[in-house]
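>>> prediction below, plus the sequence it came from.
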Amino acid sequence: MHALEKILANAAGKEAVASGETVNCKVNLAGINDLYLQTLRSFSEIGARKVCDPDKVIVFLDHFAPPSTIKQADNQKQFREFCREQGIDLLMDIDQGVCHQILADKGLSYPGEILVVTDSHTTTHGAFGAFGTGVGATDLAIILATGRLWFRVPEIIRINLEGQLSKGVFAKDVILHVIGKLGADYGVYKAIEFTGPVLKQLSISERMALCNMTTEMGAKTSYIQPDEITLEFLNSKVTRDYKIYTTDQGYKYTAEHTFDVSDLKPQVAAPHSVDNVSNISDYSGTPINQAFLGTCTGGRVEDLAVAAKILAGKKINPRTRLLVVPASKSVFLEAMEKGFVQTLVEAGATFVTPGCAACLGTHQGMLASGETCITASSRNFPGRMGHHKAEIFIGSPAAVAAAALEGEIVDPSKYLD
Amino acid sequence: MEKVIRGKAFVFGANVDTDQIYPGRFLELTAQEDLAKHAMEGVDPDFVKEVSSGDILVASTNFGCGSSREHAVITLKAAGVGAILAESFGRIFYRNAINLGIPVIVCPGISTNVEKGNILCVDLSTGKVLNETSGVTLQATPISDYVVTILSNGGIKPLLQNQLKCSG
């Protein structure tokens, strides 16, 4: 069996499971985001009154942090009331940041965990050896009522990363390249495991970006076998016991792909699809109105660090706005302590409260018709960050910072000597 | 669950994501009648004016990819969509649709055999899809027993209601 299958089998109380089988699993932690008040409605519509295990529920007020409309404020108010009524102590209010970063910061993401959140990027937690998956509001309501959820055991695809990353090339470039080669629907219903020597060159932050973006291939979950890099991170965060599962020798993957990243250049996904990927140099000179650095994909300390390195002592191009959104309060504090916030603000950055911000086109940095944005986030669908006639390019945090500096798309490598 | 669904087709391409089905700026809305006003607004602003109860959406691959927003299913259901046929679906959208009792049917060849306005007749028990306008018949991929159980109960909520009652 694969490690992921062992995690599911354990949660289903079974000796073994196989891909294609439907299993009913105990969920270790269920997360609800403020966008999905429907979760509470579905909970009541199925006739449930009491949350099965309030200690295994976490609520994130992250997508509308802080609220921009009365309706958003009212939705958040209802979540706070629900937490109070149901005895849910893990209420992550608007000061805390994006759900996935909070889970990592607070040691709530760990190997062997079944982690289900009403957010599609829950694949991020493969970086910790967890089974993380996103669901809709009603599925989450079922977990609230019963503590369990059904899953189809996914087929597993192995993506083996060989070679040595060049200067200016990051996990984001690797995953964009992979998505560009395999397609936005390649991983639908499936799990994606990353293996190979490149993982040793990737920090937890970079691994989170890699796993996060498997959602953009349609994946149900992702996985990186925990190693010394994982354990070093977990030892500083996780206080509970956990079990690390391993894949049996000879396990047969549904498909295996090897990518040698040694010659990979910085990448970009051009409008309007995440798999419309090429070398960033193909779009050099494209004028940029807004550069967006943040989110669960690209708003961690290392991401702000590389932006600060590129922008230190400089000013961004006057035709470009640079929005910076630390992924969490903890990221914000660390970036302040290290001086990155000062550097970026002096360079002309506009800081936004930790949260999802403009990524999903609800507030805090919407794009006008005809504008062009480069983003460190994960999606460039039509209308994703505002008007459907705005164009969105996806790149690494370094590519975002370099574009802000030049006012146009540029290969960031030259700033990273 | 209706065994046979008959309606006129609206045809969409590949990778129609949930931001196009239901744009992010309306995510704060929670009442079904409010959600219904914005169905497919990101890809076809006239859709809500043209759709009638029981109409069928046809798409290429990966329909409903992207965000987990259940709004994307609620809006289509509230707008009257009777079934969705596609080459493949985004997985969270697929689960959400089944949970809310909208038949989402994987049907190889559907995207190249239907034009907007064609009348389709879908037999859910056999998986047979007849394009009455062109005369072409296609065979949908069978849905799993678990999914059939949810759909035949009208979605997961009625099913859960019964289970919660039984367990006291």
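In hand now; what should we look at?
>>> in the stretch 1-150 of chain A, which spans are helices?
A:3-12, A:38-45, A:70-86, A:99-105, A:137-146 (DSSP state H, counting those that start in this stretch).
>>> then chain B?
B:18-21, B:32-36, B:47-50, B:71-79, B:91-99, B:145-152, B:156-166 (DSSP state H).
>>> which helices and strands does the first one pack with?
What it means is helix B:18-21. helix B:71-79 (3 or more Cβ pairs under 8 Å, 6 or more residues apart in numbering or on different chains; DSSP states H and E). All C-beta spots, glycine's among them, are computed from the backbone N, C-alpha and C.
>>> can I get the CA coordinates of the helix it packs on in PDB?
The C-alpha trace of helix B:71-79 is given here as PDB (Å, rounded to 0.1, in the frame of the first residue of the first chain):
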ATOM      1  CA  HIS B  71     -22.200  28.400  -4.400                       C
ATOM      2  CA  ALA B  72     -21.300  27.200  -7.900                       C
ATOM      3  CA  VAL B  73     -23.700  24.300  -7.500                       C
ATOM      4  CA  ILE B  74     -26.300  26.100  -5.500                       C
ATOM      5  CA  THR B  75     -26.500  28.800  -8.200                       C
ATOM      6  CA  LEU B  76     -27.000  26.300 -11.000                       C
ATOM      7  CA  LYS B  77     -29.600  24.400  -9.100                       C
ATOM      8  CA  ALA B  78     -31.400  27.500  -8.100                       C
ATOM      9  CA  ALA B  79     -31.300  28.700 -11.800                       C
END
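>>> angle of that helix against helix A:137-146?
Orientation check (axes from the mean of the first three to the mean of the last three Cα atoms, to 10 degrees): helix B:71-79 against helix A:137-146 gives 110 degrees.
>>> confidence score at the residue nearest in space to the middle of chain B?
In chain B, the residue lying closest to the centroid (Cα atoms, centre = their mean) is residue B:84, at 3.4 Å. Looking at residue B:84, its pLDDT is 98.
>>> who does the closest residue to it other than its chain neighbours form a beta bridge with?
Of all residues not flanking residue B:84 in the chain, residue B:57 sits nearest, at 4.4 Å (Cβ to Cβ, 6 or more residues apart in numbering or on different chains). According to DSSP bridges, the partner residues bridging residue B:57 are residue B:10, residue B:84.
>>> residue B:57 touches residue B:8, doesn't it?
No - the pair residue B:57 and residue B:8 fails to qualify as a contact (Cβ atoms under 8 Å) at a distance of 10.5 Å.
>>> neighbour count winner among the two?
residue B:57 (27 against 17; other Cβ atoms under 10 Å in any protein chain shown).
>>> tell me where the stretch 151-300 of chain A has helices.
A:171-182, A:204-212, A:228-237, A:295-298.
>>> looking at those helices, spot the one closest to residue B:139.
helix A:171-182 (27.7 Å; Cβ to Cβ).
>>> can you list contacts of that closest one?
A:159, A:161, A:165, A:186, A:198, A:202, A:206-207, A:209-210, A:213-214, A:216-217, A:257, A:259, A:261, A:264-269, A:274-278, A:297-298, A:376, A:394-397 (Cβ atoms under 8 Å, 6 or more residues apart in numbering or on different chains).
>>> where does pLDDT dip in chain B?
B:1-2, B:166-168 (pLDDT under 70).
>>> tell me how many other residues crowd residue 10.
By default, I'm working from chain A. As a measure of burial, residue A:10 has 18 neighbours, counting by other Cβ under 10 Å.
>>> wrong chain, I was asking about chain B
Neighbours of residue B:10 (other Cβ under 10 Å): 21.
>>> show me what contacts it?
Contacts of residue B:10 (Cβ under 8 Å, 6+ apart): B:40, B:44, B:47, B:50-51, B:55-58, B:116.
>>> list just the nearest of those to residue B:78.
Set against residue B:78, the nearest of the contacts of residue B:10 by Cβ to Cβ is residue B:51 (10.6 Å).
>>> wait, the closest one sits on residue B:39?
Yes - counting by Cβ under 8 Å, residue B:51 touches residue B:39, with 7.1 Å between them.
>>> any shared contact partners between these two?
The contact lists of residue B:51 and residue B:39 share B:79, B:81, where a contact means Cβ under 8 Å, 6+ apart.
>>> now that residue B:70 has come up, it's in contact with residue A:140, right?
No - in this structure residue B:70 lies outside contact range of residue A:140 using Cβ under 8 Å: 9.2 Å.
>>> more neighbours: which of these two?
The neighbour comparison of residue B:70 against residue A:140 (other Cβ under 10 Å) goes to residue B:70, with 32 against 29.
>>> the more buried one and residue A:82, how far apart?
Note on residue B:70: its distance to residue A:82, by Cβ to Cβ, to the nearest Å, is 17 Å.
>>> and residue A:262, by the same measure?
For residue A:262 relative to residue A:82 (Cβ to Cβ), the value is 51 Å.
>>> quick one: contacts for residue A:50?
Residue A:50 makes contact with residue A:86, according to Cβ under 8 Å, 6+ apart.
>>> ramachandran angles for it?
phi -120, psi 130 (degrees, to the nearest 10).
>>> can you get me a residue count around residue 58?
Because you didn't say which chain, this covers chain A. Using other Cβ under 10 Å: residue A:58 sits among 23 other residues.
>>> hm, I was asking about chain B
25.
>>> and residue A:201, by the same measure?
With other Cβ under 10 Å as criterion, residue A:201 counts 14.
>>> which one is it nearest to, not counting chain neighbours?
Nearest non-adjacent residue to residue A:201 (Cβ to Cβ, 6+ apart): residue A:165, at 5.5 Å.
>>> who in the stretch 101-250 of chain A is up against chain B?
A:118-120, A:134-139, A:142, A:145-146, A:150, A:152, A:184-185, A:188-189, A:218, A:220 (Cβ under 8 Å from any Cβ of the partner chain).
>>> enumerate the beta-bridge partners assigned to residue A:60.
Counting by DSSP bridges, residue A:60 is bridged to residue A:33, residue A:92.
>>> pop the domain breakdown of chain A in here.
Following automatic domain parsing, one gets these domains for chain A: A:3-241+A:251-258, A:268-411.
>>> residue B:4 and residue B:103: what is the separation?
11 Å.
>>> between these two, which contacts overlap?
B:122, B:124.
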